[in-house]
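Undergrad: below: sequence and its predicted model.
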Amino acid sequence: MKEGDGARGAVADAGRRTTSRRELARHERFEQISPEVGELDTDAFEELLDEDPDAALALLADLNGATDERLRDLARRLAGRVVVEIARFGPVPRRGVGRLTRARASGAEGDIDLDPSLDAILLGRASRSRIDADDLVVSTWRRPSIAVCLLVDRSGSMHGERLAAAAVAAAAVVYRNGADCSVVAFAEDAVVVKAQHESRTAEEVVGDLLRLRGFGVTNVALAARVARQQLDRSTAGRRITVLLSDCRVTAGGDAVPDAAALAELVVIAPEDDAADARAFADAVGSRWTTLSGPSSVPTALAEVLRD
């Protein structure tokens, strides 16, 4: 596992693997978005984003690894804004089943609980004085806090739409969970892009994740162990691991025991390559869903993180 300076070094190393204009030209609208070396037409990109958000996000993800340094820098600045906006405005997962608790009225909203508040009420009426909110008790619903570890498969297939989907998922998790989340990119090893309780913005995490090109084998067992280490740092009531992968295990042996040891695991797989993910989720007893493209990530997260 690489965390802290080791993770930053891994991101930097991955950033040295770049994509030529010839390779980028496989995207249908590339020549319109970047008509010349070092150019990025933001108006043309916004037009594509409106027409086909998945194609736009896939292209933007690949532009972040462009050999053309000027184009790469422009794409990275654009990606931070675009990816976070898409992550922010998707559906918000429900926060879990609440439980009824008692709290001081000075620090919570709810219905007055008469039994523990009766003495203060009677005393206030008798003395015709103002009742202090600290002396009143209310019944209120409290929902459990949630900690999330996002595991992103960065094996050989991670580019284009899959890389863009990983970036949107990371932005959504960081934006909605704040510091109590982690983002781990894994293949043969694991790179902790954001550690649990580490203070990093969604834009920073997206920037690092988009530097990681697809590489290596898929060690899901290692990823599950790293997720458990990260979530063990949290005191949240629910600790959820989100596995973004086709779950085609090619290293590390049987991943089911390590995955089953997690407090709560959910799986999100590409819609066109979900057979292994479905079998893996069924073996672990986890919820799972599929992605039709990067723009569907917020909806998929809302589905698997439901109560």
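TA: Everything's here; your move.

Undergrad: domains in this protein, as residue ranges please.
TA: Domain assignment for the chain, taken from automatic domain parsing, gives 5-91+145-304, 99-142.

Undergrad: in JSON lines, list the ones you listed along with mean pLDDT and mean neighbour count.
TA: (C-beta placed from N, C-alpha, C; glycine too.) Shown next, in JSON lines, are the domains of the chain (pLDDT from 0 to 100; neighbours: other Cβ atoms under 10 Å):
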{"stretch": "domain 5-91+145-304", "mean pLDDT": "90", "mean neighbour count": "20"}
{"stretch": "domain 99-142", "mean pLDDT": "67", "mean neighbour count": "13"}
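
Undergrad: tell me the contacts of Gly293?
TA: Pro53, Asp54, Leu57, Ala58, Glu161, Ala165 (Cβ atoms under 8 Å, 6 or more residues apart in numbering).

Undergrad: what about the helices in this structure?
TA: 5-14, 21-24, 30-33, 42-51, 53-63, 69-88, 114-127, 160-177, 202-210, 220-231, 256-260, 275-284, 297-304 (DSSP state H).

Undergrad: can you give me the angle the longest one makes with helix 42-51?
TA: Read it as helix 69-88. 30 degrees (axes from the mean of the first three to the mean of the last three Cα atoms, to 10 degrees).

Undergrad: dump the C-alpha coordinates for helix 69-88 into CSV.
TA: What follows is helix 69-88 as a C-alpha-only set of coordinates in CSV (Å, rounded to 0.1, in the frame of the first residue of the first chain):
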residue,chain,number,x,y,z
GLU,A,69,1.8,19.6,-22.1
ARG,A,70,-0.2,22.8,-22.8
LEU,A,71,-3.3,20.8,-23.7
ARG,A,72,-2.9,18.5,-20.6
ASP,A,73,-2.7,21.5,-18.3
LEU,A,74,-5.8,23.1,-19.8
ALA,A,75,-7.7,19.8,-19.5
ARG,A,76,-6.7,19.4,-15.9
ARG,A,77,-8.0,22.8,-15.0
LEU,A,78,-11.3,22.2,-16.8
ALA,A,79,-11.7,18.7,-15.3
GLY,A,80,-11.6,19.9,-11.7
ARG,A,81,-14.7,22.1,-12.3
VAL,A,82,-16.7,19.9,-14.7
VAL,A,83,-16.3,16.6,-12.8
VAL,A,84,-17.1,18.2,-9.4
GLU,A,85,-20.2,19.9,-10.8
ILE,A,86,-21.5,16.6,-12.2
ALA,A,87,-20.8,14.9,-8.9
ARG,A,88,-22.5,17.6,-6.8
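
Undergrad: before I go, just wanted to say thanks for your time.
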